[in-house]
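Asks: need a 3D model of the following:
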Amino acid sequence: MSSSTAGSPSSGLDYNDLISNLLEIKRQPIYILENRKYTYNKKINTYSDLSAKLLSLKSALDKLRISSNFYAKSVLVSDSTVLNVTLSGVTPIGNYSISVSTLASREKDVHRGVALPTTVVNKSGSDKIFVYNYAETVRAISVADNTALEGLRDLINDDTNNPGVTAFIINDGSSCRLSIKGNDMGSTNKIIVEDSTTLDGSNNTVDFTKSVFIRTKQAKDAVFTFDGILISRSSNTIDDVIEGLTMNLYRGDGSTSLISVTPDVNSAGDKINDFVNAYNDVVSFLSANTEDDSTKGACSMFSGEGTARNIENKLRSAVSGNASGPPGGFKLLARIGITTDSKTGKLSINGNTLESKLVSNLDDVAKLFKDTSDGAAIQIYDYLDNIMSNVEGPIAQRKESLRDIIDNIENTIRKIEHGLNKTKEDLVGKLSLFCL
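Replies: A predicted model of the protein is given here:
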């Protein structure tokens, strides 16, 4: 008699198919649980997407809760070939005139030259010294016998006590000339070859005394007048004449340029627009994921999610309610042209109203957003800070709760799978006995 489990020869039944069909029926709860697991994972991902949009909103609010961001200034230079200007900090609004007579420069001295970089500059049979002074610091360089020009260059550059010069060799087509350049601008940074130099042309050496060096560029201070006041500085980058104003000087031929510093209300307006756009992005996302499609019988990701619904309600309340702000009619965002659509919950800006308030009442607009504790920006920012906490925030807690549900589902699936495997073993065993 056959021991096959394929089925009884007389009945023609395929018992393997019967077992598979039976187990497939019993597997239906697993499919349901797997669908639930998929949905909960999608909810977690949707909460992560929400967090990213809330983070963008928080970033936009961060710029509005800092008062200095409302007082950005723009600068205009009448002749950008004379200088350019950057602003930082609190720069006084006003017009300034600057005339640059001299640019700051570095000293450069150049030797009259030798034939090649490999030309030996000391053939005396003993050490010589090359002595120079830079910015009142004297350095004596010991030049060994048989040292070449390029070796002297390296001795100067590699000197651990080099006071701030760079030596290099210039090939002018007929000779190779040692050039020594100061690394720093300003009239105090002069280079002087000292009389104590013994590399003086005697005893078969090359003359490196002061007389054979040509000063091709003189160390100078920048000299300019600022609103009629004569000023000098050791650099062409000047940041200590007017607070927050940095000037980079380009021309020193007496040319004059005007600097105009004015309030930049567009900067504050852009930051308010960024806030409104980020807020509307959050509202759109919440609406799309909390509204069910009754016509299709479809549920949204946040359907029945109290956490998401609570966030949506609190955000809407924050932008439509009073912020303490300043007195005088600026207690509602609507007073500066920001209104809420009652149906969608989105914000819109009346550009003319906002611009008018920024021009005429900038201080009050700033206080509306950044008042110490109750400004609109601070209220919403602090709320977002709380709900986005990685430990105690409601989003983090809800995601953790969903992960716990998924863990339970996976445990249940494993138990059902174990039971099905046991059922299959039992059925196969009984079928084997039946077919003997």
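Asks: what sits against the nearest residue to Lys217 once chain neighbours are set aside?
Replies: Here the nearest residue to Lys217 in space, its sequence neighbours aside, is Lys108; by C-beta to C-beta, 6 or more residues apart in numbering that works out to 4.1 Å. Quick note: C-beta positions are derived from backbone N, CA and C, even for glycine. The contact partners of Lys108, by C-beta atoms under 8 Å, 6 or more residues apart in numbering, come to 179-182, 191, 215-217.
Asks: figure out the helix or strand that Thr353 lives in.
Replies: If you go by DSSP states H and E, Thr353 is part of helix 351-360.
Asks: how about the helices in the stretch 101-250 of the chain?
Replies: Remark: helices assigned in the stretch 101-250 of the chain by DSSP state H, counting those that start in this stretch are 149-158.
Asks: I'd like to know how far the residue nearest to Lys217 sits from Leu286.
Replies: 67 Å (C-beta to C-beta, to the nearest Å).
Asks: Tyr279 now?
Replies: 11 Å.
Asks: now do the SS call for Thr262.
Replies: Under DSSP: H, G, I helix; E, B strand; the rest coil, the three-state class of Thr262 is strand.
Asks: host element of the residue nearest to it when sequence neighbours are not counted?
Replies: What sits nearest to Thr262 in space, not counting adjacent residues and going by C-beta to C-beta, 6+ apart, is Ser74, at 5.6 Å. Taking DSSP H and E as the criterion, Ser74 maps to strand 73-77.
Asks: for the next helix or strand after that strand, name the packing helices and strands.
Replies: Later in the chain than strand 73-77, the nearest helix or strand by DSSP H and E is strand 83-87. Counting contacts by 3 or more C-beta pairs under 8 Å, 6 or more residues apart in numbering; DSSP states H and E, strand 83-87 packs against strand 73-77, strand 245-249, strand 256-263.
Asks: quick one, which of these gets closest to Gly151.
Replies: Shortest separation from Gly151 across the helices and strands packed on strand 83-87 is recorded for strand 245-249, at 38.5 Å, computed as C-beta to C-beta.
Asks: name the residues of that closest one that are buried.
Replies: For strand 245-249, a neighbour-count test (16 or more other C-beta atoms under 10 Å) marks 245-247, 249 as buried.
Asks: any idea of the mean pLDDT in the one helix or strand Leu18 maps to?
Replies: If you go by DSSP H and E, Leu18 is part of helix 15-26. In this model, helix 15-26 has an average pLDDT of 80.
Asks: what are the buried residues along the next helix or strand after it?
Replies: Downstream of helix 15-26, the first helix or strand assigned by DSSP H and E is helix 28-64. Neighbour-count burial for helix 28-64 flags 30, 33, 37, 40, 43-44, 46-47, 50-51, 53-54, 56-58, 60-64 (criterion: 16+ other C-beta under 10 Å).
Asks: okay, how far is it across stretch 83-98, tip to tip?
Replies: 9 Å (C-alpha to C-alpha, to the nearest Å).
Asks: which residues sit against that stretch?
Replies: 68, 71, 73-75, 77, 82, 100, 224-228, 242-251, 256-263.
Asks: quick one: pLDDT of Asp407?
Replies: Taking Asp407 on its own, its pLDDT is 95.
Asks: so it sits in a helix?
Replies: Yes. Assigned with three-state DSSP, Asp407 falls within a helix.
Asks: tell me, how many residues neighbour it?
Replies: 11 (other C-beta atoms under 10 Å).
Asks: roughly how far does it sit from Asn41?
Replies: For Asp407, the distance to Asn41 - C-beta to C-beta - is 12 Å.
Asks: ditto for Gln379
Replies: Gln379 is 34 Å from Asn41, by C-beta to C-beta.
Asks: one step back: quick one, the helix holding Leu18 and helix 28-64 angle?
Replies: With axes from the mean of the first three to the mean of the last three C-alpha atoms, to 10 degrees applied, the angle from helix 15-26 to helix 28-64 works out at 40 degrees.
Asks: by mean pLDDT, which helix or strand of the protein comes out lowest?
Replies: Every helix and strand of the chain was ranked by mean pLDDT, DSSP states H and E. The lowest is helix 15-26, at a mean of 80.
Asks: which stretches of the stretch 51-200 of the chain form strands?
Replies: 73-77, 83-87, 94-102, 108-111, 128-134, 137-143, 165-171, 176-182, 191-193 (DSSP state E, counting those that start in this stretch).
Asks: isn't Gly125 up against Asp145?
Replies: Yes. With contact defined as C-beta atoms under 8 Å, Gly125 reaches Asp145; the gap is 5.5 Å.
Asks: neighbour-wise, which of those two wins?
Replies: Asp145 (15 against 9).
Asks: what packs against the helix or strand harbouring Asn411?
Replies: Under the criterion of DSSP H and E, Asn411 resides in helix 394-434. Judged by 3+ C-beta pairs under 8 Å, 6+ apart, helix 394-434 is in contact with helix 15-26, helix 28-64, helix 306-320.
Asks: list the residues that contact the most centrally placed residue in the chain.
Replies: Residue closest to the average C-alpha location in the chain (C-alpha atoms, centre = their mean): Ser59, at 12.4 Å. With contact set as C-beta under 8 Å, 6+ apart, Ser59 has these partners: Ala278.
Asks: check the gap between it and Lys271 for me.
Replies: Distance from Ser59 to Lys271, by C-beta to C-beta: 11 Å.
Asks: next: Asn45.
Replies: In terms of C-beta to C-beta, Asn45 sits 31 Å off from Lys271.
Asks: now Asp62
Replies: The value you get for Asp62 to Lys271, if C-beta to C-beta is used, is 10 Å.
Asks: same check on Thr237?
Replies: Counting by C-beta to C-beta, the gap from Thr237 to Lys271 is 29 Å.
Asks: thinking Met388 is in contact with Leu54, fair?
Replies: Yes. Using C-beta under 8 Å, Met388 is in contact with Leu54, at 5.9 Å.
Asks: centre of the chain to stretch 343-360, how far?
Replies: Remark: stretch 343-360 is offset 29 Å from the chain centroid, using C-alpha atoms, centre = their mean, to the nearest Å.
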